[in-house]
Every structure is written in C-alpha cells, then in structure tokens.
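can't give you the sequence, but here's the structure:
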C-alpha cells in the first residue's frame, strides 16, 4: 500500500506530495472544492492549510473530516486544464 511521507501546502489549493514509492506529485485540489458542504470550508485558504496526515501517511484530512486516501492521490490524473506535476 502506498503511503504519503510528506506534504507541503502550496498556493492556489495545491499540495506537493512525496509518496512511499519515491514519487512526488503536485495536485491542484480546486476541482474538489465547493462540491459538498465539507469541501466548501476548504475554499478558505487559511482552512485549506490545516490539512494533516493520518498516522503512518495513510491519507490526508482536514479538521472537518474531509479526507483523501493515498492510493487515490497517487493515481489521480488531472484533466488537461488542471495542474498535476510529477517530479
């Protein structure tokens, strides 16, 4: 199972991830924000920065329990107009 070793919150709803398989990926979370009551809170940049890693890197979450698993994040492919970069 893939785990997240490290994350860094960037500007404009982006997070830079380092995964246990040595891959690094920047994901733009804008497409996920505002779709639900939980995700609307993340539209506030100060709240977006409150993202945390679950124990052992088994996902990310915000204080309101909005979360993503590492397998989804590692395999996520952005649409052509979204930012997704592998380093």
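Nice, I can see it. Worth saying up front: this structure is predicted, and the values here are computed from it rather than measured.

Would you map the strands across this structure?
For the chain, applying DSSP state E gives strands covering 4-9, 14-19, 24-28, 52-53, 60-61, 67-68, 84-86.

mind putting these in CSV, distance to residue 46 included?
C-beta here means a position set from N, CA and C on the backbone, and glycine is covered the same way. As requested, the strands of the chain are arranged in CSV below (distance: least, Cβ to Cβ, whole Å):
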stretch, distance to residue 46
strand 4-9, 11
strand 14-19, 15
strand 24-28, 18
strand 52-53, 15
strand 60-61, 17
strand 67-68, 19
strand 84-86, 24
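
bridging residues for the most centrally placed residue in the chain?
For the chain, the residue nearest the mean C-alpha position is residue 15 (5.4 Å; Cα atoms, centre = their mean). Going by DSSP bridges, residue 15 is paired in beta bridges with residue 9, residue 27.

residues touching it, list them.
7-9, 26-27, 29, 51, 60 (Cβ atoms under 8 Å, 6 or more residues apart in numbering).
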